[in-house]
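**Q** here is the input, now give the coordinates:
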Amino acid sequence: MNVFIADACGFCYGVRRAIELASHAASGTHTLGPIIHNPQVVARLAERGVSPVASLDEVSTGEPLLIRSHGVGPEVYEKASEKHLQVVDATCPHVKKAQQDAKKIIEKNKNLIIIGEKAHPEVISISQWGANRAIILDREEEARALPHMKEAGVVVQTTFSQEQFKRIKAILESKVDDLEIDMTICTATQQRQQAAIELAGKMDAMIVIGGKNSANTGRLAQVCKEQGCPTYHVETAAELDTAWFRGMKNIGITAGASTPDWIIQEVVKIMENLQADATEVMSEELLDQYDYEENPKKGDVVEGTVISVNDDAAYVSIGTKAEAILPKKEMAVPEPAKASDFVKVGDKLTVEIANNIKDEGSIVVSLVKMKKVEDWKEVRDAFENDQLVECTGKEINKAGLVVSIKSLRGFIPLSQGDIRFVKSLDYLVGQTFQVKVIDIDEHKNRLVLSRKAVLEKEREAKREEAMEKIEEGAVLEGTVVKIMPYGAFIDLGGVEGLLHISDISWKRISSVDAVLKQGDKLQVLVQKFDKERNRISLSLKALQKNPWIAAIEKIEVGDVVKGEVKKLLPFGAILAIDPELQGLLHISELTEKRGANVKDLVNIGDIMNVKIIGIDADKKKISLSVLALQKDEEEQEVHDYLEHAKQQEESATIGDAVEDK
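**A** Numbering: from 1, shown residues only. Prediction:
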């Protein structure tokens, strides 16, 4: 039996992006509906505190909310804003485009037709962006039943069958005079369907892996069946029945866009083991054709003596008519450069029969298999006693990393390689590290390991140590580990806190990554710590002096300053009197004329002298006046005039006195 995997299968970009956002979300985050149509992934996220809710009514004010890849309608965003929810938008970019295309069609006053499943959440969200005025259809019969239309726009569910779409499109072209089609079927969906079609045409049977409620997975199964190929749709490897494939030679495997790599790998491993078991049965049947009673059977352990050695192998006498061959690859892992470097003539060895089928007059024996028995025991003890084992990364494949544990080969699925999401474990090749055994079966040579479990345990230990240092009001040093649209996650030495975008700076910033970068080290203030929910709210700006307060300390009521008109209001004008300060020049302080219009008196950009007549530090308000300044100037003129007149009078009086004398 040969096992083939479709060229394109498994997570698409949109789903992978949604899972990455969910994986990095804080515990207590809600997803509006299951994040993807895969129960196993949803269950794993729930264990980490990221769980689905049916509606926003189940989400408390201010809590984090993750919008799944299927998208939602505009009213959800509005309601989330009203409840001040911390929204993380994981809507697939392709779905987002379909939503906007639907909105544009309605804005053009055209009929909107959505081709897709009526009950699918993606289709529902697209319809909502189309003001719920869409005609939704997914069958040719429904398209034929439509009345004639002058004009219409078409949007398609991103995971819809391309072949089915083409058939419906042909019908619509005969029904609508002016037909605008936005081809929104995702290219990843097209590629998966095409790869499945091509593979199914060559296989004896197809296995389609994915959630039973996943539309795109169901369509993969459908297109495989349409090729006349027996097709089995399973969610997990546990559903496989080996009897399905009895007598078959070529088996194909594909998976929906919501199917994680670790589930695909489990199915692949079972089918490869089935292939190995079939080969073993065939070998034993061949063995029965030979009548060598003096030959031991495969798996027997015998004593032998090395009677000859060359570069590639040693020949061992085990009491049979023909000597047994001990190839250098069966001597040790890794194999020695030369067999003569490992054994010598006369060495006494305990070996295991690796192959008791007559092959050029010799039987193959192995020292490695003997060593494997010991190594399997050591690994099983570690598994049963929840202990760690050491391994070395050897090679990567699409699904994860192959490692060696002494003489054994093990496998680390991609999802078990690291705490964070990674696309490849290539950085572990050649590295030696500890892992936890999570699945073991010596008979099937199955050894599944987890590095993630070890890292999580280490992180938990660091987290507990770090939690002891955390208290509200503490100033700690942290490292930026993740940049999100709504803020940055800061590692405080084993535990992460959220630095919200509003707590980064006193000044308004356009985006988080405009001021912070991953790896930045900074001092932050713990402003809120919820130990029960493991939530830490941090602030950077709390450690900085409010620039408004710093600027206000330089001025006081009565000062005359220059101001630039920045904004005109019905009741006055806003003037900038400092880079950090703005004040209100009320129209009553600008002119005494009743019914005057502000825009007739000043223009944006005007520079003018104003007097500060009020400062409210609590409300951050500054009141300005032109009339008060004019009044001061008038009073000064009167004062100057009186002073001048007084001096004139005194001068005249003295003069008269001198003249009289």
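**Q** so what's residue 388 up against?
**A** Contact partners of residue 388, counting by CB atoms under 8 Å, 6 or more residues apart in numbering, are 382, 434-436, 454. Any C-beta I mention is one placed from the backbone N, CA and C, and that applies to glycine too.
**Q** off-centre distance for stretch 587-598?
**A** 57 Å (CA atoms, centre = their mean, to the nearest Å).
**Q** contacts for that stretch next, please.
**A** Against stretch 587-598 from outside (CB under 8 Å, 6+ apart): 568-573, 601-602, 613, 623-628.
**Q** quick check: residue 394 vs residue 412, distance?
**A** Here the criterion is CB to CB, to the nearest Å. By it, residue 394 lies 11 Å from residue 412.
**Q** quickly list what's touching both of those two.
**A** 401, 403.
**Q** neighbour-wise, which of the two wins?
**A** Comparing residue 394 with residue 412 by other CB atoms under 10 Å, the one with more neighbours is residue 412, at 27 against 15.
**Q** who's the more buried one bridged to?
**A** Taking DSSP bridges as the rule, residue 412 bridges to residue 401.
**Q** what's the domain layout of this protein?
**A** 1-92+188-289, 94-185, 301-366, 373-457, 469-544, 551-630 (automatic domain parsing).
**Q** tabulate the ones you listed (a markdown table), appending distance to residue 650 and mean pLDDT.
**A** Listed next are the domains of the chain as a markdown table, based on distance: least, CB to CB, whole Å; pLDDT from 0 to 100:
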| stretch | distance to residue 650 | mean pLDDT |
| --- | --- | --- |
| domain 1-92+188-289 | 73 | 82 |
| domain 94-185 | 83 | 92 |
| domain 301-366 | 115 | 81 |
| domain 373-457 | 89 | 91 |
| domain 469-544 | 58 | 88 |
| domain 551-630 | 31 | 89 |
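**Q** can you redo the ones you listed as CSV with distance to residue 638?
**A** Below are the domains of the chain laid out as CSV (distance: least, CB to CB, whole Å):
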stretch, distance to residue 638
domain 1-92+188-289, 57
domain 94-185, 65
domain 301-366, 104
domain 373-457, 76
domain 469-544, 44
domain 551-630, 13
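**Q** helix or strand for residue 314, which one?
**A** In this structure, residue 314 sits in strand 313-317 according to DSSP states H and E.
**Q** which residues touch that strand?
**A** 304-309, 323-328, 331, 339, 343, 349, 351, 365.
**Q** tell me where the stretch 401-550 of the chain has helices.
**A** Applying DSSP state H, counting those that start in this stretch to the stretch 401-550 of the chain gives helices spanning 452-467, 547-552.
**Q** and if you look at the stretch 1-150 of the chain?
**A** Secondary structure of the stretch 1-150 of the chain (DSSP H, counting those that start in this stretch): helices located at 13-23, 39-47, 74-82, 93-107, 121-129, 140-144.
**Q** so for residue 554, which of the ones you listed sits nearest?
**A** Minimum separation from residue 554 across the helices of the stretch 1-150 of the chain (CB to CB) falls at helix 74-82, 37.7 Å.
**Q** that's a helix at residue 269, yeah?
**A** Yes - assignment of residue 269 by DSSP: H, G, I helix; E, B strand; the rest coil places it within a helix.
**Q** pretty sure it is touching residue 445, no?
**A** No - counting by CB atoms under 8 Å, residue 269 stays clear of residue 445, with 9.8 Å between them.
**Q** so what's the closest residue to residue 41 other than its chain neighbours up against?
**A** In space, not counting the residues next to it along the chain, residue 41 is nearest to residue 260; the distance is 5.7 Å by CB to CB, 6 or more residues apart in numbering. Residue 260 makes contact with 10-11, 19, 38, 40-41, 415 under the criterion CB under 8 Å, 6+ apart.
**Q** residues near residue 618, how many?
**A** Residue 618 is flanked by 5 other residues according to other CB under 10 Å.
**Q** element containing it, please.
**A** Using DSSP H and E, residue 618 sits in no helix or strand.
**Q** return the distance of it relative to residue 552.
**A** Counting by CB to CB - residue 618 and residue 552 are separated by 11 Å.
**Q** quick check: neighbours shared by those two?
**A** By CB under 8 Å, 6+ apart, no residue touches both residue 618 and residue 552.
**Q** sheet partners, orientation included, of the strand holding residue 314?
**A** By DSSP bridges, strand 313-317 pairs with strand 301-309 (antiparallel), strand 324-327 (antiparallel).
**Q** only the buried residues of the first one, if you could.
**A** By neighbour count, with 16 or more other CB atoms under 10 Å as the criterion, the buried positions of strand 301-309 are 302, 304, 306, 309.
**Q** now that strand - C-alpha only, PDB.
**A** The C-alpha trace of strand 301-309 is given here as PDB (Å, rounded to 0.1, in the frame of the first residue of the first chain):
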ATOM      1  CA  VAL A 301      17.800 -13.400  20.300                       C
ATOM      2  CA  VAL A 302      20.900 -15.600  19.700                       C
ATOM      3  CA  GLU A 303      24.600 -15.700  20.700                       C
ATOM      4  CA  GLY A 304      27.200 -15.500  18.000                       C
ATOM      5  CA  THR A 305      30.900 -15.000  17.300                       C
ATOM      6  CA  VAL A 306      32.400 -12.700  14.700                       C
ATOM      7  CA  ILE A 307      34.300 -14.700  12.200                       C
ATOM      8  CA  SER A 308      35.000 -12.100   9.500                       C
ATOM      9  CA  VAL A 309      34.800  -8.300   9.100                       C
END
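**Q** ok now that strand, how far from the chain's centre?
**A** Worked out by CA atoms, centre = their mean, strand 301-309 lies 56 Å from the chain centre.
**Q** could you do stretch 394-403 as well?
**A** 22 Å.
**Q** residue 7: what's it in contact with?
**A** Counting by CB under 8 Å, 6+ apart, residue 7 has contacts 191, 195, 199.
**Q** select only the buried ones of these in PyMOL?
**A** Command for PyMOL that selects the buried part of those, burial taken from 16+ other CB under 10 Å:
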select buried, resi 195+199
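**Q** identify each buried residue in the one helix or strand residue 575 maps to, please.
**A** Using DSSP H and E, residue 575 sits in strand 572-578. Residues of strand 572-578 classed as buried by neighbour count (16+ other CB under 10 Å): 572-575, 577-578.
**Q** could those be laid out in JSON lines, adding distance to residue 472?
**A** JSON lines is the format used below for the buried residues of strand 572-578 (distance: CB to CB, whole Å):
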{"residue": "572", "distance to residue 472": "41"}
{"residue": "573", "distance to residue 472": "43"}
{"residue": "574", "distance to residue 472": "37"}
{"residue": "575", "distance to residue 472": "40"}
{"residue": "577", "distance to residue 472": "37"}
{"residue": "578", "distance to residue 472": "34"}
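**Q** and which of those is nearest to residue 643?
**A** For the buried residues of strand 572-578, the nearest to residue 643 is residue 577 (31.6 Å; CB to CB).
**Q** correct me, but that closest one touches residue 565?
**A** No - look at residue 577 against residue 565 with CB under 8 Å: they stay out of range, at 11.0 Å.
**Q** quick check: longest helix of this protein.
**A** Counting by DSSP state H, the longest helix found in the chain is helix 627-660.
**Q** so which of the helices of the stretch 1-150 of the chain is the most packed in?
**A** helix 121-129 (a mean of 24; mean count of other CB atoms under 10 Å).
**Q** what does that helix contact?
**A** With CB under 8 Å, 6+ apart, helix 121-129 has contacts from 33, 68, 70-75, 95, 98-100, 102-103, 114, 116-117, 134, 136, 155, 157-159.
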